[in-house]
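Undergrad: Below are the sequence and a predicted model; questions follow.
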Amino acid sequence: MGDRNPHPTWFFAMVLVQKGHRFAVVHEKKHGQRWYFPAGRVEPGETLPEAALRETLEEAGIHVALTGILRVEHTPQPGGGARVRAFFTARPIDDSPLKSQPDEHSLEARWCTVDELRALELRGDEVIDCVEAVLRGAAVAPLSMLTSEGAPWR
């Protein structure tokens, strides 16, 4: 029998906000002040979609509508526990400008094409990989794929 003790699992929401052929990226305060998608850890009592909306507002300064789920990653960690990352697609709900003044969440945000992203110091290659997948028409699951236990079946 395996270990039946609870193992911590950290949940993160990542948001690919698209406007035409541009994507919102944030200049992070942490992680070496590199550029990345609006993203962050899900807080206690918060759903993954709620975290995605909150993180986008905090880091990019805009309200968005989530449009789907690009992928969900589950990564067991050495020594126990796991990390779960949900990648959401989204669109801005209006023409509000992205954040331009630094605060406790991020330094700034901007709209970038894939070529403009290549010129930035990104947190990792997955930024380009995700954007290119979306532009190629990667499958996007409906938001209804995420639900709570006991939710009615449709």
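TA: Perfect, thanks for sending it. Numbers count the residues shown, from 1 in each chain.

Undergrad: for the lengthiest helix in the chain, which positions count as buried?
TA: Counting residues, the longest helix found in the chain (DSSP state H) is helix 48-60. For helix 48-60, the neighbour count (16 or more other C-beta atoms under 10 Å) marks 48-49, 51-56, 58-60 as buried. Where you see a C-beta, it was placed from the backbone N, CA and C, and this is true even at glycine.

Undergrad: same thing with stretch 16-36?
TA: 16-18, 22-28, 34-36.

Undergrad: Using PDB, write out every CA atom in it.
TA: Backbone C-alpha positions of stretch 16-36 (Å, rounded to 0.1, in the frame of the first residue of the first chain) are rendered in PDB as follows:
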ATOM      1  CA  LEU A  16      -3.300  33.800 -22.600                       C
ATOM      2  CA  VAL A  17      -5.200  37.000 -23.200                       C
ATOM      3  CA  GLN A  18      -5.500  37.600 -27.000                       C
ATOM      4  CA  LYS A  19      -6.500  40.700 -28.900                       C
ATOM      5  CA  GLY A  20      -6.100  40.000 -32.700                       C
ATOM      6  CA  HIS A  21      -2.600  38.700 -33.200                       C
ATOM      7  CA  ARG A  22      -1.300  40.200 -30.000                       C
ATOM      8  CA  PHE A  23      -1.100  38.700 -26.500                       C
ATOM      9  CA  ALA A  24      -0.900  40.400 -23.100                       C
ATOM     10  CA  VAL A  25       2.300  39.800 -21.200                       C
ATOM     11  CA  VAL A  26       3.400  41.200 -17.900                       C
ATOM     12  CA  HIS A  27       6.800  42.400 -16.700                       C
ATOM     13  CA  GLU A  28       7.100  40.400 -13.500                       C
ATOM     14  CA  LYS A  29       8.300  41.800 -10.200                       C
ATOM     15  CA  LYS A  30       9.500  38.400  -9.200                       C
ATOM     16  CA  HIS A  31      11.200  35.600 -11.200                       C
ATOM     17  CA  GLY A  32      14.100  37.700 -12.400                       C
ATOM     18  CA  GLN A  33      11.800  40.500 -13.700                       C
ATOM     19  CA  ARG A  34      11.200  38.600 -16.900                       C
ATOM     20  CA  TRP A  35       8.000  38.700 -19.000                       C
ATOM     21  CA  TYR A  36       5.300  36.100 -18.700                       C
END
